[in-house]
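Novice: Give me a 3D structure for the following:
(chains A, B, C and D)
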There are 4 protein chains.
Amino acid sequence: MVPMELAEALAEAGRRMDARGWVPGSAGNLSARIDETRIAITRSGVHKGRLTTADIIAVDYEGNPLVPGQKPSAETLLHCQLYRLFPAVGAVLHGHSLAATVLSMQGGITFANYEILKAFGYATHELEVRLPVYENDQDIARLANFIEPLLQNEPPIGYVIEGHGVYGWGTSVEHAYWRLEALEFLLACELERRKLK
Amino acid sequence: MVPMELAEALAEAGRRMDARGWVPGSAGNLSARIDETRIAITRSGVHKGRLTTADIIAVDYEGNPLVPGQKPSAETLLHCQLYRLFPAVGAVLHGHSLAATVLSMQGGITFANYEILKAFGYATHELEVRLPVYENDQDIARLANFIEPLLQNEPPIGYVIEGHGVYGWGTSVEHAYWRLEALEFLLACELERRKLK
Amino acid sequence: MVPMELAEALAEAGRRMDARGWVPGSAGNLSARIDETRIAITRSGVHKGRLTTADIIAVDYEGNPLVPGQKPSAETLLHCQLYRLFPAVGAVLHGHSLAATVLSMQGGITFANYEILKAFGYATHELEVRLPVYENDQDIARLANFIEPLLQNEPPIGYVIEGHGVYGWGTSVEHAYWRLEALEFLLACELERRKLK
Amino acid sequence: MVPMELAEALAEAGRRMDARGWVPGSAGNLSARIDETRIAITRSGVHKGRLTTADIIAVDYEGNPLVPGQKPSAETLLHCQLYRLFPAVGAVLHGHSLAATVLSMQGGITFANYEILKAFGYATHELEVRLPVYENDQDIARLANFIEPLLQNEPPIGYVIEGHGVYGWGTSVEHAYWRLEALEFLLACELERRKLK
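Specialist: From the prediction side, this is the model:
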């Protein structure tokens, strides 16, 4: 159901995220757009550093598994939402990093004058970019509804759920991973800067 | 004496703990329940990042080695206690992480509003969970006796021994490792937060 | 066009930099002098932890690709400048580390009394060495022109571009990597010291 | 000249130290006692993460290479001294860690109430252990002479040279590495504790 190449790319991205310490326990979820009706996503309750292609399942754009009985990640609707709203998005990666978790509990997050902001398509480092922090909610449908107009009004470079983690995306699994690395780098820098103040 | 699959799972968990820096020197000990009379546990004086299946030995529920002359970890009684008290526990992992060691020397540890608390079976992140810190004692039988009523009255998500390290557990070696990763993530976040205050 | 041995040495240096977390996303660029007319350099838009020899292309000392259509790193002119000014330089490595990025945003950087300063050819640790921090500029030709007299007047042990990252170099790829490790170690130490003050 | 097993053990210890980030550039040196007249030690100017057995050479107890023309580490005399003074020492490992370097620049280092102190042969954690910090000196013979009476009066668990790094040792290469891991763990904990104060 899921193209093997896509499943392998997601499993590898999981290993890279695990090597950085961004997916403790069974945290995190990873997905990629298959086509206009299907999304590949990690199933619920697996360690993201040890994914096999069998752990990547197919869902429709409402998050329903295409093979009855398969159980996608609890946060599947947040992935579906990004594919629905943004046609350029080809992959979505969500992890729980220490920097994202700690900073999200301190209030707003803004990045200014970092060269690496260019990873998000900006032509200059001389700008200030806000990373939205949304309140956590165990009702994922309600959380998705809350986020929807905010994403549409001002498409961000990614977002953070408070006490929870980062959502990053890109045109492909590889591109999404690059942007996630850039985002995590920015978060780690900000965390360090706050210890110096 | 120890099923090969269990010994291999413990050896692998040791390598994962070592890769995270949680078992410096010969610190730490790892175990799994074999059946209602036997426990598999690391022998004394080995590096947990380089365990072979020969380093995993069998003990009874009083911590006596089943093969005379074999020497289990000095803290074997703390493992036995968890298997005796909690039938659902299938594996116990103990490591010395930097975050656990440093925080345990600062007094009480409480986690509030972290999404990853769900790794411990909670249905929500909106709660405050206390991680018990017990005073260190070289007399392990005495330490086990001291802990016993506390564990029974209020079964915790794990516990810390002051200046010493974390005890985590789960239904299987893999599940225990996931919960240990979640616990260490929480401890690392708390340590960072205290540097910001 | 690029000697295979040189391309492989650069690809390996990229993997080592990635393992240390110094090249998030597609950040960083690596180069080596081929001869008096050619320089080998990473092409634009690749992850430095996954370089293949096909990602290393040849440019002249003005930064023009020798194979039409190939696209070298955006910062190629900064590499060319170092080869032009300093005949002993055989390789140049540029990465975006957390310590370099954070410290460069805090003003001047000076290293005093570190044994590891000897990695830069000093015979003693009893000295104070300044690491220049240059203002970031998206116009690389203008940035190179600004830096040129400063490099000539007082050749530094490396330099940092504000909010951007480190440039390090050595007589060979291996030597450049050693000096980069030493430089990053010094930066990481300074960052820690500022948290203690 | 150097037994292959010993050379391989030292090369492996170098890789483990490099993986922890304790030997940046060509920093660090590693040795092991061969017999009552010979010591195996890393040669000068090699990266400790990429040692081959050819990089391990033999010296006498005065630090002279047994094969003319071979160049042992600049700090060979500090290794020889430990083998001469302490018959139980079978291996000596010296690295430049961030924690050791930063803490040594802040004055005295004392460890109290850590369970892991038991790695150094103590029967209890209830004690306070001082880690000596000696002033750095490029004249290694003079430094060795200065240290000699201090080592004899009160044999420490290891020592630190200011702004420079740690010397650790044990009965074998493996044991020396375990004790170095324990020492570095203690140093890392102390560094964290000072950020909380």
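Novice: List every C-alpha atom in the helix or strand where residue A:191 lies, with coordinates, as PDB.
Specialist: Assessed by DSSP states H and E, residue A:191 sits inside helix A:173-196. This file holds the C-alpha atoms of helix A:173-196, laid out as PDB (Å, rounded to 0.1, in the frame of the first residue of the first chain):
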ATOM      1  CA  VAL A 173      11.300  13.300   3.500                       C
ATOM      2  CA  GLU A 174      14.900  14.500   3.100                       C
ATOM      3  CA  HIS A 175      13.900  18.100   2.800                       C
ATOM      4  CA  ALA A 176      11.600  17.900   5.800                       C
ATOM      5  CA  TYR A 177      14.500  16.400   7.800                       C
ATOM      6  CA  TRP A 178      16.800  19.200   6.700                       C
ATOM      7  CA  ARG A 179      14.300  21.800   7.900                       C
ATOM      8  CA  LEU A 180      13.700  19.900  11.100                       C
ATOM      9  CA  GLU A 181      17.500  19.900  11.800                       C
ATOM     10  CA  ALA A 182      17.600  23.700  11.100                       C
ATOM     11  CA  LEU A 183      14.600  24.200  13.400                       C
ATOM     12  CA  GLU A 184      16.100  22.200  16.200                       C
ATOM     13  CA  PHE A 185      19.400  24.000  15.700                       C
ATOM     14  CA  LEU A 186      17.600  27.300  16.200                       C
ATOM     15  CA  LEU A 187      15.800  26.000  19.200                       C
ATOM     16  CA  ALA A 188      19.000  24.700  20.800                       C
ATOM     17  CA  CYS A 189      20.700  28.100  20.100                       C
ATOM     18  CA  GLU A 190      17.800  30.000  21.800                       C
ATOM     19  CA  LEU A 191      17.900  27.700  24.800                       C
ATOM     20  CA  GLU A 192      21.600  28.400  25.200                       C
ATOM     21  CA  ARG A 193      21.200  32.100  24.800                       C
ATOM     22  CA  ARG A 194      18.600  32.200  27.600                       C
ATOM     23  CA  LYS A 195      21.100  30.600  30.000                       C
ATOM     24  CA  LEU A 196      23.600  33.400  29.300                       C
END
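Novice: tilt between that helix and helix C:173-196?
Specialist: Angle, helix A:173-196 to helix C:173-196, by axes from the mean of the first three to the mean of the last three Cα atoms, to 10 degrees: 40 degrees.
Novice: at contact distance from chain C, anything in helix A:173-196?
Specialist: Yes. Helix A:173-196 lies within reach of chain C by Cβ under 8 Å from any Cβ of the partner chain, at A:174, A:178-179, A:181-182, A:184-185, A:188-189, A:192-193, A:195-196. For every residue, glycine as well, the C-beta is placed using N, CA and C.
Novice: And for residue A:130, nearest residue in space, chain neighbours not counted?
Specialist: Distances taken as Cβ to Cβ, 6 or more residues apart in numbering or on different chains put residue A:110 closest to residue A:130, at 5.1 Å, once the chain neighbours are dropped.
Novice: Over to residue A:16?
Specialist: Closest residue to residue A:16 apart from its sequence neighbours, by Cβ to Cβ, 6+ apart: residue A:177 at 6.3 Å.
Novice: So what's the residue count around residue A:71?
Specialist: Applying other Cβ atoms under 10 Å in any protein chain shown, we find 11 other residues in the vicinity of residue A:71.
Novice: Also residue A:21?
Specialist: Close neighbours of residue A:21, defined as other Cβ under 10 Å, add up to 18.
Novice: Could you check how far it is from chain C?
Specialist: Computed as Cβ to the nearest Cβ, to the nearest Å, the residue A:21 to chain C distance reads 11 Å.
Novice: all strands of chain A, in order?
Specialist: Assigned by DSSP state E, the strands in chain A fall at A:29-33, A:39-42, A:56-59, A:91-95, A:109-112, A:128-131, A:133-134, A:159-161, A:165-170.
Novice: Looking at those, which is nearest to residue D:12?
Specialist: strand A:91-95 (32.6 Å; Cβ to Cβ).
Novice: Distance from the closest one to the middle of the chain?
Specialist: Relative to its parent chain, strand A:91-95 has a centroid offset of 3 Å by Cα atoms, centre = their mean, to the nearest Å.
Novice: other SSEs contacting it?
Specialist: If you count contacts as 3 or more Cβ pairs under 8 Å, 6 or more residues apart in numbering or on different chains; DSSP states H and E, strand A:91-95 packs onto helix A:4-19, strand A:29-33, helix A:76-85, strand A:165-170, helix A:173-196.
Novice: 6 Å instead, please
Specialist: Strand A:91-95 sits against strand A:29-33, strand A:165-170, helix A:173-196, with contacts defined as 3 or more Cβ pairs under 6 Å, 6 or more residues apart in numbering or on different chains; DSSP states H and E.
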